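Asks: This is the structure alone, sequence omitted:
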Ligand code: NAD
């Protein structure tokens, strides 16, 4: 049982504040099972306090010149750089990913803070003199007020930083609702935010789950919502914000395909496929899930993927000699194992079975070993649904066209990769893929901070994506002024 003494506080109006919630959710190290803290499932009243704090802080923050807002972010960037190693260790402890992955995640988060530091330039509008004789026209970008940011468990440092630094750089104030499964590392980032001098109430954090999210979606003082999570939740958020008339960007789940042509560099491709499917134990929205071998690429790819997958060493991400960590929770492990059972019972050939893999030193960790299926079809649950675990489905296609037909049967549209040495095939693929994040000889298609991040089809609900210029557009309204003097 989680004890109330381990309950983590909300952050409201510049102060760490205990939630009124009585329900708590344990946060444990998914490798060692050590109890790290407890997340309060905040109530509507907790959410209201945070939104009111954000609303109160808005007028003064909005009137703070963009260059001064940027200076706070510059100081935060310096502090994040100074603390990035300890943040990465904390992240591995609560999430389970390898320390190298955690370092990468913290770095990707910092890059968003860096990009948001350019806000004086990013916010600039446009002007045209004499749109008619003696009449001038200009556009200016203005912040809107309070934004809610709701994030998932798989990148608990980077994904909040995809959003709130841009929102506050633009002059808005924010209520962040992090994942209830691993909210601890971001708490330390809030300490750094305070040290950087962000005024009280500009960033608030409310911990919780469904009740807190619903309260944010229904709150009349929340102007817009940035969301990342599974597609079912993203669709719910999109519908609910439509009902309540808020701006929304809702990034959902994924089922990413990787197509290998016979002319690909097969060794480099196999490395990329392995990193994509099994990195972070498959818990990335950019994880490869179905590997389509075209023609004779299939057999050679199958051998290479199987050899490498079988050699992956499971263990605690803070220790040396480990290639893959656990999945986040017992419940999630059961979900992944259910998918593997389903695949084995419904026609796919299970050629590498990770269901019984354990790690002797950590008997209570949530382990799933690398798993590989052959003969996967789009109709099977393992070929259709997001598994979010270390499971590769191998399948064959006769041509690039046939491979794309298989991809387009799927409802998701987050990322896709092609492996080839043919420029013609790569161009054709880019033209026809119909998926938002496209990799050519790249296994994890992760746009950096200054580019938009987000999918299409069932992987994204909204229009403006995370990061890049989209973020600035999302967090501002473009006003047009026409003047005659
Ligand atoms: P999730 O949907 O369970 O939770 C995401 C957030 O929504 C959490 O803050 C959670 O508290 C809240 N939530 C969950 N259920 C809710 C409900 N019924 N009503 C209201 N709020 C609810 O997702 P997760 O398991 O934390 O994260 C994994 C998912 O996120 C995967 O599907 C993954 O593909 C997706 N993801 C997508 C991207 C992307 O860029 N598209 C990036 C990372 C993760």
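Replies: Here it is on my side, so go on. What you see is a predicted model; the values in this text were computed from it and never measured.

Asks: my read: residue 247 touches residue 473, true?
Replies: No: taking contacts as C-beta atoms under 8 Å, residue 247 lies outside contact range of residue 473: 10.3 Å. Every residue, glycine included, has its C-beta placed from N, CA and C.

Asks: buried set for the helix or strand hosting residue 307?
Replies: If you go by DSSP states H and E, residue 307 is part of helix 297-310. Using 16 or more other C-beta atoms under 10 Å as the test for burial, helix 297-310 gives 297, 298, 300, 301, 302, 304, 305, 306, 308, 309.

Asks: The first one is in contact with residue 261, isn't it?
Replies: Think residue 297. Yes: assessed by C-beta under 8 Å, residue 297 is found in contact with residue 261 at 6.0 Å.

Asks: Find the residues that touch each one of the two.
Replies: The overlap between the contact sets of residue 297 and residue 261 (C-beta atoms under 8 Å, 6 or more residues apart in numbering) is empty.

Asks: What residues does residue 12 make contact with?
Replies: 49, 50, 53, 204, 205, 206.

Asks: any idea how far the last one lies from residue 225?
Replies: Just to be clear, that refers to residue 206. Taking C-beta to C-beta, to the nearest Å as the measure, residue 206 falls 13 Å from residue 225.

Asks: Looking at these two, which one has more neighbours?
Replies: Using other C-beta atoms under 10 Å, the more surrounded residue of residue 206 and residue 225 is residue 206, with 29 against 26.

Asks: Can you give me the distance of that one to residue 10?
Replies: From residue 206 to residue 10 the distance is 5 Å (C-beta to C-beta).

Asks: any residues in contact with both of the two?
Replies: Between them, residue 206 and residue 10 share the contacting residues 19, 42, 46, 50, judged by C-beta under 8 Å, 6+ apart.

Asks: The third one: neighbouring residues, count only.
Replies: Looking back up the chat, that one is residue 46. By other C-beta under 10 Å, neighbour count at residue 46 equals 24.

Asks: Enumerate every residue touching it.
Replies: So residue 46 contacts 10, 19, 20, 21, 40, 206, 208, 212 (C-beta under 8 Å, 6+ apart).

Asks: Can you give me the neighbour number for the third one?
Replies: What that stands for is residue 20. 13.

Asks: Would you mind splitting the chain into its domains for me?
Replies: The chain resolves into domains spanning 4-252+459-484, 256-440 when parsed by automatic domain parsing.

Asks: how far does the longest one sit from the chain's center?
Replies: What that stands for is domain 4-252+459-484. Put simply, domain 4-252+459-484 sits 13 Å off its chain's centre (C-alpha atoms, centre = their mean, to the nearest Å).

Asks: pLDDT below threshold where in the stretch 51-200 of the chain?
Replies: Along the stretch 51-200 of the chain, segments meeting pLDDT under 70 are nowhere present.

Asks: the strands in it, which residues?
Replies: For the stretch 51-200 of the chain, the strands defined by DSSP state E, counting those that start in this stretch cover 127-132, 135-143, 146-150, 173-177.

Asks: Which of those strands sits closest to residue 235?
Replies: Residue 235 lies closest to strand 146-150 among the strands of the stretch 51-200 of the chain, at 13.7 Å (C-beta to C-beta).

Asks: who's in contact with residue 118?
Replies: Counting by C-beta under 8 Å, 6+ apart, residue 118 touches residue 70.

Asks: from the stretch 1-150 of the chain, which residue is nearest to the ligand?
Replies: Here the stretch 1-150 of the chain gets closest to the ligand at one residue, residue 150, 4.9 Å apart by C-beta to the nearest ligand atom.

Asks: List the beta-bridge partners for that residue.
Replies: residue 177, residue 227 (DSSP bridges).

Asks: sorry, back to before: could you redo the domains of the chain as CSV and give each row distance to residue 448?
Replies: Supplementary listing: these in CSV, determined by distance: least, C-beta to C-beta, whole Å:
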stretch, distance to residue 448
domain 4-252+459-484, 6
domain 256-440, 12
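
Asks: Out of those domains, which gets nearest to residue 453?
Replies: When the domains of the chain are compared (using C-beta to C-beta), the closest one is domain 4-252+459-484, at 4.5 Å.

Asks: what about the residue of the stretch 201-350 of the chain found nearest the ligand, neighbour count?
Replies: In the stretch 201-350 of the chain, the residue found nearest to the ligand is residue 229; the distance is 2.6 Å by C-beta to the nearest ligand atom. By other C-beta under 10 Å, 22 other residues sit near residue 229.

Asks: go on, residue 74?
Replies: The burial count for residue 74: 14, using other C-beta under 10 Å.

Asks: going forward, begin numbering at 14 instead of 1
Replies: From this message on, residue numbering opens at 14, which makes the last subject residue 87.

Asks: The closest residue to it other than its chain neighbours: what's it in contact with?
Replies: Excluding the flanking residues, the one nearest residue 87 by C-beta to C-beta, 6 or more residues apart in numbering is residue 130, at 5.3 Å. If you count contacts by C-beta under 8 Å, 6+ apart, residue 130 has them with 83, 86, 87, 90, 182.

Asks: Residue 442 too?
Replies: Counting by C-beta under 8 Å, 6+ apart, residue 442 has contacts 272, 413, 417, 431, 433, 451, 453.

Asks: Which pLDDT value goes with it?
Replies: At residue 442, the model reports a pLDDT of 98.

Asks: Tell me if it really is in a strand.
Replies: No: Residue 442 is assigned helix when assessed by DSSP: H, G, I helix; E, B strand; the rest coil, not a strand.

Asks: Report the contact partners of residue 256.
Replies: Counted by C-beta under 8 Å, 6+ apart, residue 256 has zero contacts.

Asks: Go ahead and list the helix or strand containing it.
Replies: Going by DSSP H and E, residue 256 is part of helix 244-257.

Asks: and that helix, anywhere near the ligand?
Replies: Yes: for helix 244-257 and the ligand, the contact criterion (C-beta under 6 Å from any ligand atom) is met by 246, 249.

Asks: Report whether the next helix-or-strand element following that helix contacts the ligand.
Replies: Downstream of helix 244-257, the first helix or strand assigned by DSSP H and E is strand 260-264. Yes: applying C-beta under 6 Å from any ligand atom, one finds strand 260-264 in contact with the ligand at residue 264.
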